[in-house]
Each structure stands twice: as C-alpha cells, then as structure tokens.
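Trainee: whatever this is, show me its structure:
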Amino acid sequence: MSGNYKIYVYAAAFALISWWLLLLNETEQASLLSGAGVHSPDYFSNGYTKWEMGTNGQLKNKLIADEMKHYSDDGTIHLTKPVMTLINKTTPPWVIESETAKVSGDGKLIFLNGKAVVKREGAQGVRPMKINSSNLRVKPEESYAETDEWAELLSPPNRTEGVGMQLNYGDPIRVKLFAKVRGKYEFKKK
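Mentor: Below is the predicted model of the structure:
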C-alpha cells in the first residue's frame, strides 16, 4: 500500500503545481492585455495627410507628416517632419514646420520640437515673413505660438531677433520678443 500512497502524493503535487502555473499565466496575460503602464502606439501612418474644413466647406488647414503615431494611453499624436498649412481668407497661408511634433490628446496644443520655421509668402499689401526658432508651443484655435528659445524674424529687408517670443499670427499679426532683442531695419528714402 505504501507504493500506491507515493503515487497519490506525486499526482496531488503535480496537480497543485499545474494549477498554480495556470493561474500565474492567466494573471500575466491579463496584465499584458490591459496595457497597464504601456506607452505604445495603437495605430500609425507613413505619409500622413490630414485636411480640416471650415463650417463653410472651405479648407481651413492641412497637416502633412512623414510619419504619424497615435498613443491610446494619453491620446497624443506624435509626428515626424510635420508641415502645417493654416489658411487665411485675405492673406497667403501660414506654413509651420518642424523636425518632430506632439499633439495633445484634445488637439488644442501642439509642441513643435527641434528647429521650427513659421513663414508666410508676400502678396499685394502683405509683406513676406519668416520666423526661425525652436521648440514652439502652438495653439491653432487661437492662432497663437510661443517659445522660450531664440527666435529670428525676417521680413526683408528687416531682421529682428531675441530670446522668448509670443506670436499671434491672426489678423493683425502681433509679435513680442522678451530678451536680448536686437534688429536691423532699412528705411526707404522719399
């Protein structure tokens, strides 16, 4: 009888260990499926283009990027080499580009990382303007951008630079530079 006793003990131990391993595996799979603490894209696009139309059906703005990744844990969108075109009714469009960008989950704030350029072509009664800077924070709904970094404003033949900038690129345009401001201006003689 002692030989049969050992078989029952081994079988019971095997059953307990199997049950414990099964529970451990189910717990691990559940935590992987829930994605707790994981910041990874849930969808992406190469050659991304987004068009936004106004209430009148006309193009309001356009966004093009080499790559777009959406993260479901915080709703952010990460872009590589984004180019935003903001359409104006009476003046040429503003074009804003940077190395990378991060769009907040609600879409109301865009962080342009690395070198950033904001430009507008000239037209009749409108002077061309180009702003070179980096690490811009843009609020597209408010036609507003700002940075704590160096910024250079070019509107030929004039040039102004400084550290820290606020830009309202609506109508009228307002630019504020906060520190180390200097410029070169040319005036035509009458």
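Trainee: pull the helix or strand with minimum mean pLDDT from the protein.
Mentor: Scoring the helices and strands of the chain by mean pLDDT, DSSP states H and E places helix 2-34 at the bottom, with a mean of 74.
Trainee: which is the next helix or strand following that helix?
Mentor: Next in sequence after helix 2-34, counting helices and strands by DSSP states H and E, comes strand 41-53.
Trainee: tell me, what residue is most central in this protein?
Mentor: Per Cα atoms, centre = their mean, the C-alpha nearest to the average position across the chain is that of Lys102, at 1.8 Å.
Trainee: so it touches Gly75, yeah?
Mentor: No: proximity of Lys102 to Gly75 does not meet the contact threshold set by Cβ atoms under 8 Å, at 11.1 Å. Backbone N, C-alpha and C define where each C-beta goes, glycine included.
Trainee: low-confidence regions, the chain specifically.
Mentor: 1-3, 27-37, 190 (pLDDT under 70).
Trainee: surely Val175 meets Gly162?
Mentor: No: contact criterion Cβ under 8 Å: Val175 and Gly162 do not qualify, at 9.6 Å.
Trainee: show me what contacts the closest residue to Pro156 other than its chain neighbours?
Mentor: Using Cβ to Cβ, 6 or more residues apart in numbering and skipping residues adjacent in sequence, the residue nearest Pro156 is Pro128, 6.8 Å away. By Cβ atoms under 8 Å, 6 or more residues apart in numbering, the contact list for Pro128 reads 119-122, 155-156.
Trainee: can you tell me which of those is nearest Trp19?
Mentor: Lys119 (66.9 Å; Cβ to Cβ).
Trainee: now for the closest one: which residues touch it?
Mentor: By Cβ under 8 Å, 6+ apart, Lys119 lies in contact with 94-95, 128-131.
Trainee: what residues of stretch 60-69 count as buried?
Mentor: Judged by neighbour count (16 or more other Cβ atoms under 10 Å), stretch 60-69 contains these buried residues: 61-65, 68-69.
Trainee: what's the neighbour count on Thr91?
Mentor: By other Cβ atoms under 10 Å, the residues close to Thr91 number 16.
Trainee: should've said Gln124
Mentor: Counted by other Cβ under 10 Å, the residues lying close to Gln124 total 4.
Trainee: that older thread, so which of the buried residues of stretch 60-69 is the closest to Met84?
Mentor: Of all the buried residues of stretch 60-69, Met84 sits closest to Leu63, with 5.2 Å by Cβ to Cβ.
Trainee: mind telling me what element that closest one is part of?
Mentor: Element membership for Leu63 (DSSP H and E) is strand 59-71.
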